[in-house]
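Trainee: mind folding the following:
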Amino acid sequence: MGKRVAVVLAGCGVFDGSEIHEASAVLVHLSRQQATVKIFAPNTDQMHVVDHLKGSPTEEKRNVLVESARLARGDIQDLSELDVKDLDAIIFPGGFGAAKNLCSWAVEGKDCAVNEQVETVLKAFHAEKKPIGLCCISPVLAAKVFPGCEVTVGHDKDDRKPQESPLNLYAYIESQQQLQARGFNRQSFSQCQDSWQHSTRGLWSLQFLSY
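Mentor: From the prediction side, this is the model:
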């Protein structure tokens, strides 16, 4: 039986929603491994809307769930309907929407707030000891929700910890090595990696938190 995986989207488009390439890559790799995928998004307004041709904000308003439905071909549910007991893992693709619509990291940094439903879902998977996959910028969600959680994010050329941030964010340099070097549960990581090695192949900067 294939794994049952939730994929949480944050809109449609790299600058104000989910990064389409990342979201598509996640879905393709899960499909190749016969995973049963359910797609979710919070039913809330986007922080703002960006004209992706000009790269500048517009005055219009868009809904995260409605925009995410574009990527899901309409087969999507309100995040409030997610039941952790029906799923084996959860993955959050990146894109600025993760830092604008799922939390306010893009404008508030370390003082950001996480969407209430997103926080509830993350804590539910953590409590059930089920894997949480985080792409690109989305690890900031875990860093904020789980005090002391250490994640990698960004493209810095070294692994220095940002001294101004209490969220334990490290530069992305080979995520597995960075996590292991900081005392990550190696056995849990290896088991998770073995179970998902094919479905995650090619997804750079995808991190799994397993407890």
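Trainee: quick one, strands of the chain?
Mentor: With strands called from DSSP state E, the chain shows them at 4-8, 36-41, 49-51, 56-58, 77-78, 89-92, 132-135, 151-152, 169-170, 206-209.
Trainee: so which residue of this structure lies furthest out from the middle?
Mentor: Glu59 (26.8 Å; C-alpha atoms, centre = their mean).
Trainee: ok, it to Val140 distance?
Mentor: Between Glu59 and Val140 the distance is 27 Å, computed by C-beta to C-beta, to the nearest Å. For the C-beta atoms, the positions are set from N, CA and C on the backbone; glycine is no exception.
Trainee: rewinding a little: for the residue farthest from the centre of the chain, give me its contacts.
Mentor: For Glu59, the contact set (C-beta atoms under 8 Å, 6 or more residues apart in numbering) is empty.
Trainee: pLDDT value on it, please?
Mentor: Confidence at Glu59, expressed as pLDDT, is 92.
Trainee: among the strands of the chain, which is nearest Glu19?
Mentor: Closest of these to Glu19 is strand 132-135, at 7.8 Å (criterion: C-beta to C-beta).
Trainee: packing partners for that closest one?
Mentor: For strand 132-135, the packing partners by 3 or more C-beta pairs under 8 Å, 6 or more residues apart in numbering; DSSP states H and E come out as helix 20-32, strand 89-92, helix 116-127, helix 139-145, strand 206-209.
Trainee: show me which positions of the third one end up buried.
Mentor: When neighbours are counted by 16 or more other C-beta atoms under 10 Å, the buried residues of helix 116-127 are found to be 117-119, 121-122, 124-126.
Trainee: surely Asn101 touches Arg62?
Mentor: No - with contact defined as C-beta atoms under 8 Å, Asn101 does not count as touching Arg62 (9.9 Å).
Trainee: quick check: neighbours shared by the two?
Mentor: Shared contacts of Asn101 and Arg62, counting by C-beta under 8 Å, 6+ apart, come down to 11, 16, 46.
Trainee: for the second one, the count of nearby residues, please.
Mentor: Residue crowding around Asp16 was assessed by other C-beta atoms under 10 Å; the count is 26.
Trainee: run a quick neighbour tally on Val107.
Mentor: 12.
Trainee: now do Asp86
Mentor: Residue crowding around Asp86 was assessed by other C-beta under 10 Å; the count is 10.
Trainee: repeat for Ala143
Mentor: 25.
Trainee: same check on Ser104?
Mentor: Neighbourhood size, Ser104 [other C-beta under 10 Å]: 17.
Trainee: surely it and Ala98 touch.
Mentor: No - assessed by C-beta under 8 Å, Ser104 is found out of contact with Ala98, at 11.0 Å.
Trainee: between the two ends of stretch 37-56, how far is it?
Mentor: End-to-end span of stretch 37-56 (C-alpha to C-alpha, to the nearest Å): 33 Å.
Trainee: which positions in that stretch come out as buried?
Mentor: 37-44, 46-50.
Trainee: I'd like these as CSV, with distance to Lys110 and pLDDT appended.
Mentor: Shown next, in CSV, are the buried residues of stretch 37-56 (distance: C-beta to C-beta, whole Å; pLDDT from 0 to 100):
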residue, distance to Lys110, pLDDT
Val37, 32, 97
Lys38, 32, 98
Ile39, 30, 99
Phe40, 26, 99
Ala41, 25, 98
Pro42, 22, 98
Asn43, 27, 98
Thr44, 22, 97
Gln46, 22, 96
Met47, 18, 93
His48, 21, 96
Val49, 26, 93
Val50, 23, 93
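Trainee: sweet, I'm off.
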